[in-house]
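Visitor: Sharing a model prediction with you, sequence too.
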Amino acid sequence: ALAMIAWAVQAEQNSLAERRRLQLRTAFMSAKQEELRHYVALALSTVSPIYNLGRDDESTKKQVMQRLANLDYGPDGYFFLYNLEGVNLMHPRQPELVGRNLIEMRDSGGEPTIRMLLERARSGGGFVVYRWRKPSKQVETPKLGYVTVLERWGWMIGTGLYLDDIDEFTQ
């Protein structure tokens, strides 16, 4: 009887621990989502004075790109730009990607990363979880991205937060 009670108590403890872990993960993800919304709002407010002038010349576009390239938040926090066909227009941490069409690129899990981001942007914007190389560690890591579109120019603007810290904390 004592063994059965001990087993039941242990099973209940394991169940409670798992529920707590899931609650923590959900809370962290919610906080990361809110943080990303704020970062994209900041980026849009930074470029809106130029974008809203209604000019579509290359000089104006380069000015917006430069502002976004300079707008970062820590070693792994940056903004990226793609056109809606999948060509990378600006990536401050991986400049070797600029000018390349990455629509068919897949992450290590086989997911079409850029295609997923573009689909989300075209459908009104939002979140996508994918894997990307984390600049500070130079290793592919899960990432929560948030994207939206600059409709007139046919650009997707986005940013993301790496999720390895959540995974480490909630294990």
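Guide: That came through, no problem. Numbering: from 1, shown residues only.
Visitor: remind me which residues of the chain are low pLDDT?
Guide: Within the chain, the ranges that satisfy pLDDT under 70 run 167-171.
Visitor: Mind naming the longest strand for it?
Guide: strand 139-150 (DSSP state E).
Visitor: just the helices in this protein please.
Guide: With helices called from DSSP state H, the chain shows them at 2-51, 58-70, 113-122, 164-169.
Visitor: will you turn these into TSV that also has mean neighbour count?
Guide: Bear in mind the C-beta positions are built from the backbone N, C-alpha and C, glycine included. Output for these, formatted as TSV (neighbours: other CB atoms under 10 Å):
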stretch	mean neighbour count
helix 2-51	12
helix 58-70	15
helix 113-122	19
helix 164-169	13
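Visitor: Nearest to Gly99, out of those?
Guide: helix 58-70 (12.3 Å; CB to CB).
Visitor: what helices or strands is that closest one leaning on?
Guide: Contact here means 3 or more CB pairs under 8 Å, 6 or more residues apart in numbering; DSSP states H and E; on that basis helix 58-70 packs against helix 2-51, strand 79-83, strand 88-90.
Visitor: Could I get the contacting residues of the residue positioned nearest the centre of the chain?
Guide: The chain has Gly145 as the residue nearest its centroid, 1.6 Å off, counting by CA atoms, centre = their mean. Neighbouring residues of Gly145 by CB atoms under 8 Å, 6 or more residues apart in numbering: Leu36, Leu117, Phe127, Val128, Val129, Tyr130, Trp132, Gly158, Thr159, Gly160.
Visitor: How about it: what's its closest non-neighbour residue?
Guide: Gly160 (3.6 Å; CB to CB, 6 or more residues apart in numbering).
Visitor: quick one: the one you found from Pro75, how far?
Guide: To Pro75, Gly160 is 14 Å away according to CB to CB, to the nearest Å.
Visitor: So between those two, which is more surrounded?
Guide: Gly160 (25 against 11; other CB atoms under 10 Å).
Visitor: What residues does the more buried one make contact with?
Guide: With CB under 8 Å, 6+ apart, Gly160 has these contacts: Leu36, Trp132, Lys143, Leu144, Gly145, Tyr146.
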